[in-house]
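1. mind folding the following:
(one chain, ligands or ions: 1)
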Amino acid sequence: MDNIKALATDIQNAQSIVAFTGAGISAESGIPTYRGEGGLWTKYDPSKYASISYFLQNPSYYWNFFKDVRYPILKKVKPNKAHLALFEIENAGNLKTVITQNIDGLHQEAGSSSVIELHGTTRTIICMDCSRKYTIGEAFTKLERQIPPLCTKCSGILRPDVVFFGEMLDPEILRDAYAAAASCDFLLAVGSSLVVYPAADIPLRAKQAGAKLAIINIDSTPLDSVADYVINDAAGKVLPLIT
Ligand SMILES: [Zn+2]
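-> Below is the predicted model:
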């Protein structure tokens, strides 16, 4: 508890906090991880629905997964206390940017105004041929008629605006993320196991540039030894205590 009080004081005194978030914060809203248990989710193989080579070969597999699993979850989930706490810290004037590995749009829904989405967003659907964008609602309407859904304008195949396994992160987005990390005075890493590179490099860059680093995660991470604070607990429990 002393640790949390000291962290709360540091957060209040920080001028330009960057939050870096991963799957753990979304899991607390009820979004299963790839290895989520039970029901329809296990009917689909992540090495197929999350892979670009498989998508190009058989886009219907992804779109069936999206229709059966992803879309019903996205329609139902809400930002949790951790998302809302990050928005509160922004509102208080201390937090500048959220960098996230998540693709669910929950930070924006919580009110966060500056969100860098390293892996894109599943809430935007894009035509592979003409780049026309669609909302997930529009894509779902199309899915009810046809799988895979096709572009209204050019009949190209639609894809989610996410980074599949086998694709590179957008270099401009990555550059923005590194720049934000390098210029912050406090990096708050939340719900990420900090093992997926290059994304996990971001908290380390901040630390090396002189920022303080706090890690809030259920399990230990490879960066724990360089962090100023390590709190192994649920983000929705810890973050409301430090705002
Ligand atoms: Zn098109």
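2. burial of the spatially closest residue to Lys43 that is not a sequence neighbour, as a residue count?
-> Counting by C-beta to C-beta, 6 or more residues apart in numbering, Asp68 is the residue found nearest to Lys43 once chain neighbours are left out, at 7.4 Å. Just so you know, the C-beta spots here come from the backbone N, C-alpha and C atoms, and that holds for glycine as well. Neighbour count of Asp68, defined by other C-beta atoms under 10 Å: 14.
3. over to Cys184?
-> 27.
4. how close does it sit to the ion?
-> According to C-beta to the ion, to the nearest Å, Cys184 and the ion sit 39 Å apart.
5. so what sits opposite the nearest residue to that residue once chain neighbours are set aside in the bridge?
-> Leaving aside its chain neighbours, Cys184 sits nearest to Val18 (4.0 Å; criterion: C-beta to C-beta, 6+ apart). Under DSSP bridges, the beta-bridge partners of Val18 are Thr97, Leu187.
6. who's in contact with Val18?
-> For Val18, the contacting residues are 95-99, 180-181, 184, 186-188, 206, 211, by C-beta atoms under 8 Å, 6 or more residues apart in numbering.
7. got it, and Asp185?
-> Counted by C-beta under 8 Å, 6+ apart, Asp185 has contacts 14-17, 210-212.
8. how about a cut-off of 7 Å?
-> 14-16, 211 (C-beta atoms under 7 Å, 6 or more residues apart in numbering).
9. confidence score at it?
-> Each residue has a pLDDT score; the one for Asp185 is 98.
10. can you start the count at 17 instead of 1 from here on
-> Sure, I'll start numbering at 17, so the last one becomes Asp201.
11. got the phi and psi for it?
-> phi -110, psi -10 (degrees, to the nearest 10).
12. next: Ala101.
-> Dihedral angles (degrees, to the nearest 10) for Ala101: phi -70, psi -40.
13. what about the nearest residue to it once chain neighbours are set aside, neighbour count?
-> For Ala101, ignoring the flanking residues on the chain, the nearest one in space by C-beta to C-beta, 6+ apart is Leu255 at 3.6 Å. Other residues near Leu255 come to 27 when the count uses other C-beta under 10 Å.
14. what does Pro238 give?
-> With other C-beta under 10 Å as criterion, Pro238 counts 11.
15. which residue is the nearest non-sequential neighbour of it?
-> What sits nearest to Pro238 in space, not counting adjacent residues and going by C-beta to C-beta, 6+ apart, is Leu210, at 5.9 Å.
16. who are the contact partners of that neighbour?
-> 216, 219, 237-239.
17. for those residues, give me JSON lines that also has distance to Asp192 and pLDDT.
-> As requested, these are exported to JSON lines (distance: C-beta to C-beta, whole Å; pLDDT from 0 to 100):
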{"residue": "Ala216", "distance to Asp192": "17", "pLDDT": "84"}
{"residue": "Pro219", "distance to Asp192": "16", "pLDDT": "96"}
{"residue": "Thr237", "distance to Asp192": "23", "pLDDT": "95"}
{"residue": "Pro238", "distance to Asp192": "24", "pLDDT": "95"}
{"residue": "Leu239", "distance to Asp192": "21", "pLDDT": "95"}
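18. name the nearest of the residues you listed relative to Ser45.
-> Closest approach to Ser45 among the contacts of Leu210 (C-beta to C-beta): Thr237, at 20.9 Å.
19. and this protein, what are its domains?
-> Domain ranges of the chain: 17-46+95-135+185-259, 48-92+136-178, per automatic domain parsing.
20. tell me which of those is the most buried.
-> Stretch with highest mean neighbour count among the domains of the chain: domain 17-46+95-135+185-259 (a mean of 19; mean count of other C-beta atoms under 10 Å).
21. how far does that one sit from its chain's centre?
-> Distance, stretch centre to chain centre, for domain 17-46+95-135+185-259: 11 Å (C-alpha atoms, centre = their mean, to the nearest Å).
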